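K.L.:
give me a 3D structure for the following:
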Amino acid sequence: MIDIHCHILPGVDDGATTLKDSIEMAKAAVEEGITTIIATPHHNHHFQNHGENIKNQVARLNEHLRNEKIDIEILEGQEPRITGDIIEDIDSGEILTLCNSGQYVHIELPSNQVPSYTHSIIFELRLKGITPIIVHPERNSEIIENSSLLYDLVTEGALTQVTAGSVIGNFGKKIQKFSYQLIEHNLTHFIASDAHNISNRSFHLRRAYQDVETKLGIKKRCQLEGYAKTLVNGDFILNDSPEMIRKKKILGIF
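P.N.:
I've put the predicted structure just below:
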């Protein structure tokens with residue numbers, strides 16, 4: 001398995017605190033069957049993690065993992081909060097694309113809204129040949145109440161990623177149900193751990209994939225796992241057409 005969203009770098013954000021924490025997270029990931037992790041530290045007004053520093057941190061962590069004989073590879077990435085300057089920050093190298101490939105970039109929205117300029121950011125990124133991946137939209141309160149907002153962003157060229165913990169119910173039944181709706185309606189394309197530690201924010205990736213297979217079939221599981229491999233290989237993701245989530249009728253009324 002490939003995990004495209006993980007806070008495994010030590011001492012850079014609210015994820016792993018020390019190198020020991022990072023190594024313990026790597027061991028837990030291997031036990032889950034994860035072979036590759038994209039390290040995605042936050043980049044926002046709380047945590048200023050610049051691209052060059054992340055490259056250095058990833059190189060050091062990989063060296064330690066090799067010395068510990070832990071068979072897992074860490075790749076470069078970031079979880080930048082969306083701002084009006086994000087395009088310029090990518091151009092300058094302050095914000096890294098995933099795997100430093102120039103093809104995909106994570107974007108984190110505020111937890112309670114979708115900024116009006118999100119559409120123009122997606123448009124500009126697509127013009128540059130970069131596909132934005134909106135992380136954990138299932139936990140955005142405005143998207144939960146109005147899923148058509150996400151439908152519009154996906155039809156405009158964005159991809160999205162739900163958190164494994166959301167799929168297995170760790171964030172509550174409402175978010176779990178919404179996560180499955182996003183998967184069923186081709187409104188999300190990746191499951192990732194968003195792991196911060198091995199206690200209360202661990203990986204859960206294997207169980208999430210198993211649950212998806214049980215509820216939606218092996219084809220859907222393979223599709224989601226395949227998208228992660230395609231991303232890491234630097235290839236183009238040909239995703240299924242998104243569908244609107246329709247609210248069920250109550251007494252004949254929507």
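K.L.:
quickly find the element holding residue 142.
P.N.:
helix 141-145 (DSSP states H and E).
K.L.:
ok now that helix, how far from the chain's centre?
P.N.:
Centroid separation for helix 141-145 versus its chain: 18 Å, with Cα atoms, centre = their mean, to the nearest Å.
K.L.:
ditto for stretch 172-191
P.N.:
With Cα atoms, centre = their mean, you get 13 Å for stretch 172-191.
K.L.:
now do the buried residues in that stretch.
P.N.:
Buried residues in stretch 172-191, counted by 16 or more other Cβ atoms under 10 Å: 175-176, 178-183, 185-191. Backbone N, C-alpha and C define where each C-beta goes, glycine included.
K.L.:
the strands in the protein, which residues?
P.N.:
For the chain, the strands defined by DSSP state E occupy 2-6, 36-39, 42-43, 73-76, 79-80, 104-107, 131-135, 159-163, 190-192.
K.L.:
adding mean pLDDT and distance to residue 114, write those out as JSON lines.
P.N.:
JSON lines is the format used below for the strands of the chain (pLDDT from 0 to 100; distance: least, Cβ to Cβ, whole Å):
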{"stretch": "strand 2-6", "mean pLDDT": "98", "distance to residue 114": "19"}
{"stretch": "strand 36-39", "mean pLDDT": "98", "distance to residue 114": "24"}
{"stretch": "strand 42-43", "mean pLDDT": "96", "distance to residue 114": "19"}
{"stretch": "strand 73-76", "mean pLDDT": "98", "distance to residue 114": "27"}
{"stretch": "strand 79-80", "mean pLDDT": "98", "distance to residue 114": "16"}
{"stretch": "strand 104-107", "mean pLDDT": "98", "distance to residue 114": "11"}
{"stretch": "strand 131-135", "mean pLDDT": "98", "distance to residue 114": "9"}
{"stretch": "strand 159-163", "mean pLDDT": "98", "distance to residue 114": "12"}
{"stretch": "strand 190-192", "mean pLDDT": "98", "distance to residue 114": "19"}
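K.L.:
reformat the ones you listed into TSV and put distance to residue 226 next to each item.
P.N.:
Below are those laid out as TSV (distance: least, Cβ to Cβ, whole Å):
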stretch	distance to residue 226
strand 2-6	10
strand 36-39	14
strand 42-43	28
strand 73-76	17
strand 79-80	23
strand 104-107	15
strand 131-135	15
strand 159-163	13
strand 190-192	10
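K.L.:
out of those, which is closest to residue 62?
P.N.:
strand 73-76 (5.3 Å; Cβ to Cβ).
K.L.:
partner strands of the closest one and their direction?
P.N.:
Strand partners for strand 73-76, identified by DSSP bridges, are recorded as strand 36-39 (parallel).
K.L.:
what does the strand it pairs with contact?
P.N.:
Strand 36-39 is contacted from outside by 2-9, 26, 29, 54, 57-58, 61, 72-77, 98-99, 232, using Cβ atoms under 8 Å, 6 or more residues apart in numbering.
K.L.:
list the buried residues of stretch 132-150.
P.N.:
Across stretch 132-150, burial judged by 16+ other Cβ under 10 Å covers 132-140, 142-144, 147, 149-150.
K.L.:
so which of the buried residues of stretch 172-191 are in helices?
P.N.:
175, 176, 178, 179, 180, 181, 182, 183 (DSSP state H).
K.L.:
of those, closest to residue 93?
P.N.:
Of all those, residue 93 sits closest to residue 182, with 32.0 Å by Cβ to Cβ.
K.L.:
excluding chain neighbours, what is closest to that closest one?
P.N.:
residue 188 (4.2 Å; Cβ to Cβ, 6 or more residues apart in numbering).
K.L.:
is it true that the one you found touches residue 158?
P.N.:
No - judged on Cβ atoms under 8 Å, residue 188 makes no contact with residue 158 at a distance of 10.5 Å.
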